[in-house]
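Enquirer: From the sequence below, what's the structure:
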Amino acid sequence: GSQFLQAARVLQYPQHTDPLCEAIADRFASDNIGLVVGPATGGIILAYATARYLGARSAFTEKDGQGGMAIKRGFALQPGERVLVVEDITTTGGSVKKTIAHLKERGAEIAGVSLLIDRSGGEAEQACAAVADCRFEPLASLDMESWTRETCPLCKRGLQLVEPDDLIV
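Expert: Residues are numbered from 1 along each chain as shown. The predicted model follows:
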């Protein structure tokens, strides 16, 4: 799209991250959350800080090499454990949906999904609803245009694009 949000610019500051995670935790304070999981990389810091407010454990999922997301690195998941999935910003909900699918396969009960910003126009909530019957609680929703390679005006002009996540400073 013509606009880009980089949550890492905020999440690098604990004094700004903590109030956001506390707001997420407040929304799920009575849900008996045992584990907070965030898809790598955007959800890792959020999962940790939110878990601290909920008195829960934290973990993260990573790409599994087969198009999905998986908990690795020895993180434990108990069957029936109530899990909150957190993410920084979502455009389609793909990482969250894959994370939920993996957690459910491992026996987790998905209590909810929370995001800092949902810019999907409802697509992420639908994607989550397709794999889990749970609350969807973004802190904010923004209507931002997204382009595919076919609809991108810069691509049509032949300009070389750079993934913002790949920028090295």
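Enquirer: drop to CA atoms for contacts and neighbour counts, all remaining ones
Expert: Will do.
Enquirer: Can you list the low-confidence ranges for this structure?
Expert: Low-confidence segments of the chain (pLDDT under 70): 1-7, 144-149, 152-154, 161-169.
Enquirer: Please enumerate the strands of it.
Expert: 35-39, 57-63, 69-71, 82-90, 109-118, 135-141 (DSSP state E).
Enquirer: JSON lines for those, including distance to L20 and mean neighbour count?
Expert: Shown next, in JSON lines, are the strands of the chain (distance: least, CA to CA, whole Å; neighbours: other CA atoms under 10 Å):
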{"stretch": "strand 35-39", "distance to L20": "15", "mean neighbour count": "29"}
{"stretch": "strand 57-63", "distance to L20": "16", "mean neighbour count": "22"}
{"stretch": "strand 69-71", "distance to L20": "24", "mean neighbour count": "22"}
{"stretch": "strand 82-90", "distance to L20": "10", "mean neighbour count": "25"}
{"stretch": "strand 109-118", "distance to L20": "7", "mean neighbour count": "23"}
{"stretch": "strand 135-141", "distance to L20": "8", "mean neighbour count": "17"}
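Enquirer: could those go into JSON lines alongside distance to A127?
Expert: Supplementary listing: these in JSON lines, determined by distance: least, CA to CA, whole Å:
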{"stretch": "strand 35-39", "distance to A127": "15"}
{"stretch": "strand 57-63", "distance to A127": "17"}
{"stretch": "strand 69-71", "distance to A127": "15"}
{"stretch": "strand 82-90", "distance to A127": "11"}
{"stretch": "strand 109-118", "distance to A127": "11"}
{"stretch": "strand 135-141", "distance to A127": "11"}
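Enquirer: Minimum distance to T50: which of those has it?
Expert: Closest to T50 of the strands of the chain is strand 35-39 (CA to CA; 7.2 Å).
Enquirer: for the closest one, packing partners?
Expert: With contacts taken as 3 or more CA pairs under 8 Å, 6 or more residues apart in numbering; DSSP states H and E, strand 35-39 sits against helix 44-54, strand 57-63, strand 82-90, helix 94-105.
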